[in-house]
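A.B. asks: From the sequence below, what's the structure:
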Amino acid sequence: MAPLFYALCTLTALFCAWLLLRAYRRSGYKLLLWGGLCFLGLTLNNALLVIDKLMLPDVNLFTWRLVLAFIAIMVLLYGIIWDAESR
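C.D. replies: As a prediction, the model looks like this:
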């Protein structure tokens, strides 16, 4: 059952990234770009979770997953701060 949940989380994050980036392309609102890039990072994080838990169970990728999630959240935080300062 876990592989199904991992796949659903990855697909959901990818779908959110796609929606946010599509909305950014249409509107040009910068916060949508930063949110979309964050969700792309979270999609990669979830994909790395699938690799970590299902494909390479002997290898511990926990630190890499944390670093990737941290970078994704920092992209969003940077975008929020940068967008607020530019107004």
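A.B. asks: L4: neighbour count?
C.D. replies: 8 (other C-beta atoms under 10 Å). Where C-beta positions appear, they are placed from N, C-alpha and C, glycine not excepted.
A.B. asks: name the element it belongs to?
C.D. replies: Remark: L4 resides in helix 2-27, with elements defined by DSSP states H and E.
A.B. asks: Can you give me every residue that contacts L48?
C.D. replies: 61, 64-65, 68 (C-beta atoms under 8 Å, 6 or more residues apart in numbering).
A.B. asks: One more pass at 6 Å, please.
C.D. replies: L48 is in contact with 61, 65, counting by C-beta atoms under 6 Å, 6 or more residues apart in numbering.
A.B. asks: any idea how far it lies from Y24?
C.D. replies: Distance, L48 to Y24, using C-beta to C-beta, to the nearest Å: 25 Å.
A.B. asks: K53 now?
C.D. replies: With the distance defined as C-beta to C-beta, K53 ends up 32 Å from Y24.
A.B. asks: More neighbours: which of these two?
C.D. replies: More crowded of K53 and Y24, by other C-beta under 10 Å: Y24, with 18 against 13.
A.B. asks: Once you drop chain neighbours, what's closest to D52?
C.D. replies: Distances taken as C-beta to C-beta, 6 or more residues apart in numbering put L61 closest to D52, at 3.9 Å, once the chain neighbours are dropped.
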